[in-house]
Structures are given as C-alpha cells and as structure tokens.
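# need coordinates for the following:
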Amino acid sequence: MADLFSDEWMNSYMGQWNAEPELAEKLAAIDFNSVIGYGFDGEENPRAVLVIENGHAVGAGSYQDQELNWDLRATAENWQKWMKKPPGMMGLGIAYTSRKLKFNVGDYSAMVKDPRMAGPFIKSFGVMGRA
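Take a look at the predicted model:
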C-alpha cells in the first residue's frame, strides 16, 4: 500500500471514489463541486487534495496552494482507524466534537444536516480504505 496521502495513494483514492456510486453518482445529483484537502492534525498545510467536479473526482495529488472548500485533518492513527472501520453518523459526530477530526476549512454542521452530503461523506472513509 502506498503512503497515506502520497500522489500514488491519492490517485488510487480518486479511482475508488469514481467507482463508488454512493459517492460519485449521489454527489453528481446535487452538482457537488469542491477541492478537498486531506492532511494531518498540527501541520500547517494539507498533504493532498482531491478535486471534485459534478460529483466525480477529476484530479488528485499533492497540495500546491490550491484554494480549498474543505480541509480535513486527523492524526495518522485516526485516519487508519476510520479507513478500517468507517464511522457512522454518531461516530463522525463524536470524532468532530472530540476534535479527532478537524475541519480547518468547511462547514461541518451544514454538511451533516444535509443527508445528500452526509451519506457520501461517511462513505468516503470506506472508499479510502480501498485506495
């Protein structure tokens, strides 16, 4: 397995994202466009980005000062844990309120209140585990 958030890993994640109808198709239905940063808690910048256009991942790789819509941070241990056993809505809420999952950019509250986004967000953790 490639190192978490490396270019190789992100390209695999992009392929898995697009292959998962609960992500790509559900987000395409709401015209979801976003640049999502992923990284480790305590670091100044995210390690990598995933570019989403109309629900589908169209670009992935190292963070290069892109403007982000979302910037998700956690420890390497927590990322690994969630990839092995994706959190449900309750687990996600606990991770957020306990600051194990941080949204340096993006509105967590608005996202979880919209089931059209919350379901795919939770599904993304399982997809990470296949990358």
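# switch to C-alpha atoms for all contacts and neighbour counts from now on
Will do.
# wait, residue 45 sits on residue 62?
No - here residue 45 lies out of contact with residue 62, judged by C-alpha atoms under 8 Å, at a distance of 10.5 Å.
# just after the worst-scoring helix or strand of the chain on mean pLDDT, pick out the following helix or strand.
Ranked by mean pLDDT, DSSP states H and E, the helix or strand of the chain with the weakest confidence is helix 108-113, at a mean of 86. The C-terminal neighbour of helix 108-113 among helices and strands, as given by DSSP states H and E, is helix 115-128.
# buried ones in that following helix?
For helix 115-128, burial by neighbour count (16 or more other C-alpha atoms under 10 Å) applies to 116-128.
# where exactly do the helices run in this structure?
Here the chain has its helices, by DSSP state H, at 7-19, 24-28, 76-84, 89-97, 108-113, 115-128.
# for the least confident helix or strand of the chain, packing partners?
Judged by 3 or more C-alpha pairs under 8 Å, 6 or more residues apart in numbering; DSSP states H and E, helix 108-113 is in contact with helix 115-128.
# state the mean pLDDT of stretch 79-97.
For stretch 79-97, the mean per-residue pLDDT is 91.
# now do the buried residues in it.
Neighbour counts over stretch 79-97 (16+ other C-alpha under 10 Å) mark 79, 80, 82, 83, 86, 87, 92, 93, 95, 96 as buried.
# gap between the nearest residue to residue 129 once chain neighbours are set aside and residue 114?
Counting by C-alpha to C-alpha, 6 or more residues apart in numbering, residue 83 is the residue found nearest to residue 129 once chain neighbours are left out, at 4.4 Å. Remark: distance between residue 83 and residue 114 (C-alpha to C-alpha, to the nearest Å) = 23 Å.
# and what of residue 8?
As judged by C-alpha to C-alpha, residue 8 and residue 114 stand 32 Å apart.
# cool, and residue 60?
For residue 60, the distance to residue 114 (C-alpha to C-alpha) stands at 25 Å.
# more neighbours: these two, which one.
Set residue 60 next to residue 114 and count neighbours by other C-alpha atoms under 10 Å: residue 60 wins out with 25 against 10.
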